[in-house]
Structure formats: C-alpha cells, structure tokens
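Participant: Build me a model:
(one chain, ligands or ions: 2)
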Amino acid sequence: MEYQRYERSAAAAQAVSRCYDTPPLAYVHSYGCQQNVNDGERLKGVLADIGYGLCDAPEQADLILFNTCAVREHAEQRVFGNVGALKGLKEKKPGLLIGLCGCMANQKQIVEKVRKSYPYVDFVFGVDGIDTLPDLLARRLQKKGRILMEPAQRPVIVEGLPIRRESEFRAWLPIMYGCDNFCTYCIVPYVRGREKSRRPADILEEFRGLVAAGYKEITLLGQNVNSYGKGLDGADRMDFADLLNLLCVVPGDYHIRFMTSHPKDASRKLIDTIAAQPHLCKHLHLPVQCGSDRLLEQMNRHYTVERYLDLIEYARAKVPGITFSSDIIVGFPGETEEDFEGTLDLVRKVGYMQLFTFIYSRREGTPAASYPDPTPRSEKTARMARLLKTQDEIAMALVKAQVGQTVRVLVEGYGRAEGALSGRLDNNLTVEFAGDPALLGSYAMVRLTGARATVLLGESAD
Ligand code: 5AD
Ligand code: SF4
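Facilitator: Ligands and ions are numbered 1, 2, ... in the order given. Got it, this is the predicted structure:
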C-alpha cells in the first residue's frame, strides 16, 4: 500500500482558466451510500481547487459529473436514465462536459456501454481516481477526445484531497476503503477493490480539524469498519476499537457514529469501548442481511443467527439503552418461506429501531448471480411488505417507550410542522420540537412528549 499526498495541478487550473472567460460551473451528483456522498464532497473540493464554481442545477453547469452507485440494478438504471436525459442539454450546449465516475465506472461492461451507447459522455473514471480528475479534465478541455478509463484498482491512498462538505456540523470521515468480504450477492468488493486502511495519524489529523471547525457529529466510514487496521505496520498497528479510543481523546463537544459494522468482526472489545466512551453514540448499525443460517452460509457471511443474537445481548447488557439498526435482503436466491420466517423472527427478537430493507438484486459477476432463484417477484414483494409491517409495529412501540425522557439532541434541520425543528438523539431516533432556528447545528435538551409513527415529538427543555 502506498500513501500519497494530493497536489494541486497548476496545469489543470491553467487549462480551465484558458478555456473559460468566467469561472465555469460544475454540477456534481452522488448516488448511493455515505462513502459515495463523501467522495462527491471531495470531487467538488478538487473541482473548486482548479477554478470551478459549484452549482445545484444541471442546466447552469459547464460540467456535469455523476458519481454513481452499483450496489443494486435500480441504482444503475437511474443513472442511465439521468445520463440519457442529458442528451438534449448537450445538443443545446455543445461545450458542456459530461463525466461518470464512482462504482459503476469500475465495471468493464458499463464502460463499454457508455462507449457504444452514450457518445456524448466525455469521460469516465473509477472510484479510486478522484485525484486524477484535474489532469483528465485538462486533457479533455484540450480536445484530446473522449477519455474512458479502463476499470483498475490502485493500491494507493491519496491524503489531503480538498473537500467541500455539505454540512457545517455533520461530517463523514472515511477510515478505510474497499471490502475483502465477498458476500455472494455483493458487487462492492469488485468495484471498490480490496480493503485499504488509512493511517491512524492521517485520520486523527482530519478528525482534529473537524472538531476544531465545530463539527458536532462525525461519522466514521468504511464498508466494514470492524476490520480496520488490516495491513497497517509497526507503530500504526491498531484495530477499530483502538482507533476509536485514539479519537475520543480529542477534547471537544462532539459525538461519533460509525458504519458499517460486519457482525463477524464486531468484537466485544468494540462494545466495551462504546460503553466506556461518552463521545460514542449508543447505537450500532449491524447489518444481519437475513435470519436463516442456511442462507447466511450461502451469502458467505461467516456468522450464525445465534452468534449474532449473542452479540446483541452482550451489547444490551454492557450499554444500557443501546439501539440497533440493520440491513436486510429479502428474496435472496432460493429463500424459502421458512428462511423468511427466520428473518421475521430475528427482527422481532432484536427489536431494531430502524431497518434498511432491500429486495435482492442480481449483480452480474457475483457468485449469487448464478444461484437458482425460483421465487417469483410477486412473492418477494409480498415478503417485503410483511417485513415492513412487522418492523413498523416494533419501531412504533420502541419509539413510544422513549416518551417521558429528557434527552440531548443535535438539531439537524426543520420538522414537518410550522416552526418545528428536527433533532437526532444519541440512539439515532428523530425528534421534532418547536425551537429557535438559531439552534441549527448545536445541541439542545428536549423533553419527549409523544410520537407520530416513528418520529418523536417533544418540547424544548433548555
Ligand atoms: N441486492 C440487494 N441488496 C444488496 N445489498 C448489497 N448488495 C445487494 C444486492 N445485490 C445491500 C446489503 C448491504 C447494503 C448496503 O445493500 O443489505 O448491507
Ligand atoms: Fe458487500 Fe458484504 Fe462487503 Fe458489505 S461486507 S460491502 S455486503 S461484500
């Protein structure tokens, strides 16, 4: 693994200023997970660094960049739909540049499809290429033809990329990239490559900067944060719990979240750390995917329902009030009614505060793509509806049980009712309460007085 530092490309900045009389505008849209959103913030940072202004409307833009997601077919279709819709814009404005990057761009067949069917897309580059964007753009601006990079994985981490964060009080902080797990349904290891951990000192430096800049919520990101540290040498050697302890020493008024935890690697040490560190939120996103041992094995998840439940029980005992959320795939190839009932059963046993549910999407190139999948789509949709109904009942009861407490929340935005603010509790629940908009981005004490479905209602207790 090689660690490099980003350097501003003076040549690219010159190429941009030579091509435009006034600073050109870039529109960057990110699809998919938080990792991608954070990549999008860095893409914006890099573009601003070479002279682009940023805009929110594609019609105003001189450069449109789609930072894509490949995790499910639906995400890919949306991107192609949106790229297709740009054809007319490009005809009206021939100088417009259109680029595709992110996870889809790391798939050979996608790059081929762009080459053949989307001739007005000017350039394509993969997930690892954020630092290469300036020079690639400079080449394109010098009319050197379309640039469609072949998917490749770089064993490199580039530190110090400029960034334009979307929020002034909530920040994403990647601690690692890629995934080594090869769950049989998942495309991520193929598009994002092998796991690479950032060095603790680099993470700490970015973290300190965020706290100093007044960020209140810092979310550490990785496909599997619990295997952080694999491949780090010498004095850098540490695991995820050690990293959390290192960060929590930084003084300040902030809290830390992290995602995603893989149950096979989530350790008791991690849970002990959550119990001991007041800066860590009492919430764990622990994707279980399904509640059938048979399918968990076929998914290559390396845990059983029993082991998963043991971990949940340990966390409950060690961290009073801890809440859980999870990802669930419905309709994995060969899922039987019995397998699915196992999932419902597990969901009831754990009592998740929140579930992210997905109908299995076949991803070409993954092992599960060749598994027999006889269950009709209508049955999968019906199972999904049953799961959602079960979860709604659970979540509503859990939310109601919170009423009566007075809690500290981070005020994140506006609520549904006129004059209402919306805040997030340590346990990841949302509360709406009447308050002064000046509170946005700061902590407030709120008395929980009721609930509307899974949203808490409250009043200021400051
Ligand atoms: N089909 C459906 N859901 C998927 N996920 C990953 N791959 C697929 C797929 N092929 C879900 C998993 C993962 C979440 C980020 O996306 O639940 O945890
Ligand atoms: Fe995909 Fe599994 Fe890696 Fe998560 S842990 S990114 S589901 S392969």
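Participant: Give me the mean pLDDT for stretch 335-345.
Facilitator: Averaging pLDDT along stretch 335-345 yields 98.
Participant: and what of stretch 31-48?
Facilitator: On average, stretch 31-48 scores 97.
Participant: just stretch 302-314 next, same as before
Facilitator: Mean predicted confidence for stretch 302-314 is 98.
Participant: If you count neighbours, what's buried in that stretch?
Facilitator: 303, 305, 308, 311, 312 (16 or more other C-beta atoms under 10 Å). To be clear about C-beta, it is placed using only N, CA and C from the backbone, and glycine gets the same treatment.
Participant: do that stretch and ligand 2 meet?
Facilitator: No. Using C-beta under 6 Å from any ligand atom, stretch 302-314 stays clear of ligand 2, with a minimum separation of 10.0 Å.
Participant: Do a quick rundown of the strands in the stretch 351-462 of the chain.
Facilitator: Per DSSP state E, counting those that start in this stretch, the stretch 351-462 of the chain carries strands over the ranges 354-359, 406-414, 420-425, 430-434, 443-452, 455-460.
Participant: mind putting the ones you listed in JSON lines, distance to ligand 2 and mean neighbour count included?
Facilitator: Formatted as JSON lines, the strands of the stretch 351-462 of the chain follow (distance: least, C-beta to the nearest ligand atom, whole Å; neighbours: other C-beta atoms under 10 Å):
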{"stretch": "strand 354-359", "distance to ligand 2": "10", "mean neighbour count": "16"}
{"stretch": "strand 406-414", "distance to ligand 2": "26", "mean neighbour count": "18"}
{"stretch": "strand 420-425", "distance to ligand 2": "24", "mean neighbour count": "21"}
{"stretch": "strand 430-434", "distance to ligand 2": "25", "mean neighbour count": "21"}
{"stretch": "strand 443-452", "distance to ligand 2": "32", "mean neighbour count": "18"}
{"stretch": "strand 455-460", "distance to ligand 2": "28", "mean neighbour count": "19"}
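Participant: Dig out what residue 158 forms beta bridges with.
Facilitator: Beta-bridge pairing of residue 158 under DSSP bridges involves residue 4.
Participant: Wait, it touches residue 7, no?
Facilitator: No. Using C-beta atoms under 8 Å, residue 158 is not in contact with residue 7, being 9.6 Å away.
Participant: neighbour count winner among the two?
Facilitator: Counting neighbours by other C-beta atoms under 10 Å for residue 158 and for residue 7 shows that residue 158 has the greater number, 18 against 10.
Participant: need the contact list for that one.
Facilitator: By C-beta atoms under 8 Å, 6 or more residues apart in numbering, the contact set of residue 158 is 4, 5, 6, 130, 131.
Participant: circling back to that earlier point, can the strands of the stretch 351-462 of the chain go into CSV with extra columns for distance to ligand 1 and mean pLDDT?
Facilitator: As requested, the strands of the stretch 351-462 of the chain are exported to CSV (distance: least, C-beta to the nearest ligand atom, whole Å; pLDDT from 0 to 100):
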stretch, distance to ligand 1, mean pLDDT
strand 354-359, 4, 97
strand 406-414, 22, 97
strand 420-425, 21, 97
strand 430-434, 21, 97
strand 443-452, 27, 97
strand 455-460, 24, 96
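Participant: Residue 167 is nearest to which of these?
Facilitator: strand 406-414 (8.5 Å; C-beta to C-beta).
Participant: Count the residues that sit near residue 6.
Facilitator: 17.
Participant: residue contacts, the nearest residue to residue 427 once chain neighbours are set aside?
Facilitator: For residue 427, ignoring the flanking residues on the chain, the nearest one in space by C-beta to C-beta, 6 or more residues apart in numbering is residue 323 at 4.1 Å. Residue 323 makes contact with 282, 283, 284, 352, 353, 398, 427, 428, 429, according to C-beta under 8 Å, 6+ apart.
Participant: now, among these, which is nearest to residue 139?
Facilitator: Of the contacts of residue 323, the one sitting nearest to residue 139 (C-beta to C-beta) turns out to be residue 428, at 44.3 Å.
Participant: tell me the two of the contacts of residue 158 that are most distant?
Facilitator: Greatest spacing in the contacts of residue 158, by C-beta to C-beta: 5 and 130 (13.4 Å).
Participant: In terms of neighbours, single out the busier of the two.
Facilitator: residue 130 (22 against 10).
Participant: Looks like residue 348 contacts residue 391 (just checking).
Facilitator: No. Residue 348 is beyond contact range of residue 391, at 9.4 Å (criterion: C-beta under 8 Å).
Participant: And these two? Which one has more around it.
Facilitator: For the pair residue 348 and residue 391, the greater number of neighbours falls to residue 391 (22 against 14), based on other C-beta under 10 Å.
Participant: Return the distance of the closest residue in space to that one that isn't next to it in sequence relative to residue 322.
Facilitator: Leaving out its chain neighbours, the residue that sits closest to residue 391 by C-beta to C-beta, 6+ apart is residue 355, at 4.9 Å. For residue 355, the distance to residue 322 equals 16 Å [C-beta to C-beta, to the nearest Å].
Participant: So is stretch 255-269 next to ligand 1?
Facilitator: No. Using C-beta under 6 Å from any ligand atom, stretch 255-269 never reaches ligand 1; the gap is at least 6.6 Å.
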